[in-house]
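J.: Give me a 3D structure for the following:
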Amino acid sequence: MTKTSTYLSILAIGIAVGQPSFAQNVDPHTALNPIAKIVSVPFQNNVNFGVGTDDKAQNVLILQPVIPFRISKNWDLVTRWITPVIVQPRLAPGIDSATGLGNLQPQFYFTPAYAGKFIWGAGPQFFLPTAGGKTLGVNKWGGGPALAALTTQGPWIAGALVNNVWAGTGPRRVNQLTLNPFVYYNFRKGWYLLSSPVMTAQWAAKSDNRWTVPLGGGFGRLFRIDRLPTNARMQVFRNVKRPDFNAGWTAQFQIQFLFPAHRS
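T.: From the prediction side, this is the model:
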């Protein structure tokens, strides 16, 4: 059994046997909101196939804790720390494989404390020089603006996260747009369908080698592990537009632990 099929089997079992009573305690519109006013800790594993000149598989595990803070009567601050751990194959002859931390990218969203069916947040995102090697990231300081917006309509949740970061100068500089549209459709007993592709544009690259555009989607479920509210999902994407030697398609598996709290 391959590593990918092992991940798939474990997550599928967890989704299937989870207790559906979770939906009775936490609104899916809150649980699936990327800037929700609850503490959550998602572990997202991305297996990217077809990387480099030898078409190898790359593994990127992203730990992305979300922690909200009440900063005034009318405003909250929601923090998201994007922490990638990368297993990089050999990209080309003469370039060794590598494993380690990528660039940490903490995000800070200022969002109204009380919102209706339309929710938004805006603030800065930072780019930290934490990469464990030249093929794992760019060790320069940087940052840029980040924006989140979503709406809830019945069983539907739709919105987007968008940011652009700048870091460094010269040939190793970073100037990247990230656009993450998402749409969910909720069913009974915690099940849902989703599509949440992450599109990027490397503005520092040549015009015909900038964009990564994945298409695809998957399914997920809200359930409990003992008393712990949990969200698990699977998605598969095909990159219909990609830079040279980047992944052709991606299998994504995520499990997210949620810690709802009563707030005044």
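J.: what number of residues lie near the residue lying closest to residue 102 once chain neighbours are set aside?
T.: Closest residue in space to residue 102, ignoring its immediate chain neighbours: residue 84 at 3.8 Å, by C-beta to C-beta, 6 or more residues apart in numbering. Every residue, glycine included, has its C-beta placed from N, CA and C. By other C-beta atoms under 10 Å, 21 other residues sit near residue 84.
J.: ok, now which ones touch residue 84?
T.: With contacts defined as C-beta atoms under 8 Å, 6 or more residues apart in numbering, residue 84 is in contact with 60-62, 101-103.
J.: is residue 195 in a bridge, and if so with what?
T.: Note on residue 195: beta-bridge partners by DSSP bridges are residue 183.
J.: For it, which residues are in contact?
T.: 181-183, 216-218, 235.
J.: and it, what pLDDT?
T.: pLDDT for residue 195: 98.
J.: Which of the contacts of residue 195 sits closest to residue 119?
T.: residue 182 (12.7 Å; C-beta to C-beta).
J.: The closest one: neighbour count?
T.: 18.
J.: I'd like to know which elements the helix or strand harbouring residue 69 is packed against.
T.: Assigned by DSSP states H and E, residue 69 belongs to strand 66-70. Helices and strands touching strand 66-70, by 3 or more C-beta pairs under 8 Å, 6 or more residues apart in numbering; DSSP states H and E, are strand 39-51, strand 75-88.
J.: partner residues bridging the closest residue to residue 246 other than its chain neighbours?
T.: Counting by C-beta to C-beta, 6+ apart, residue 246 lies nearest to residue 212, which is 6.2 Å off, once chain neighbours are set aside. Counting by DSSP bridges, residue 212 forms beta bridges with residue 200.
J.: and residue 212, what is it in contact with?
T.: 199-201, 239, 241-243, 246.
J.: Among those residues, which one has the most neighbours?
T.: So for the contacts of residue 212 (other C-beta under 10 Å), the most neighbours sit at residue 239, 22 neighbours.
J.: in its sheet, what does the one helix or strand that residue maps to sit against?
T.: Using DSSP H and E, residue 239 sits in strand 228-241. Here strand 228-241 has these sheet partners by DSSP bridges: strand 211-225 (antiparallel), strand 249-259 (antiparallel).
J.: Dump the ones you listed into JSON lines; add mean pLDDT and distance to residue 114 as well.
T.: Below are those laid out as JSON lines (pLDDT from 0 to 100; distance: least, C-beta to C-beta, whole Å):
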{"stretch": "strand 211-225", "mean pLDDT": "96", "distance to residue 114": "24"}
{"stretch": "strand 249-259", "mean pLDDT": "96", "distance to residue 114": "20"}
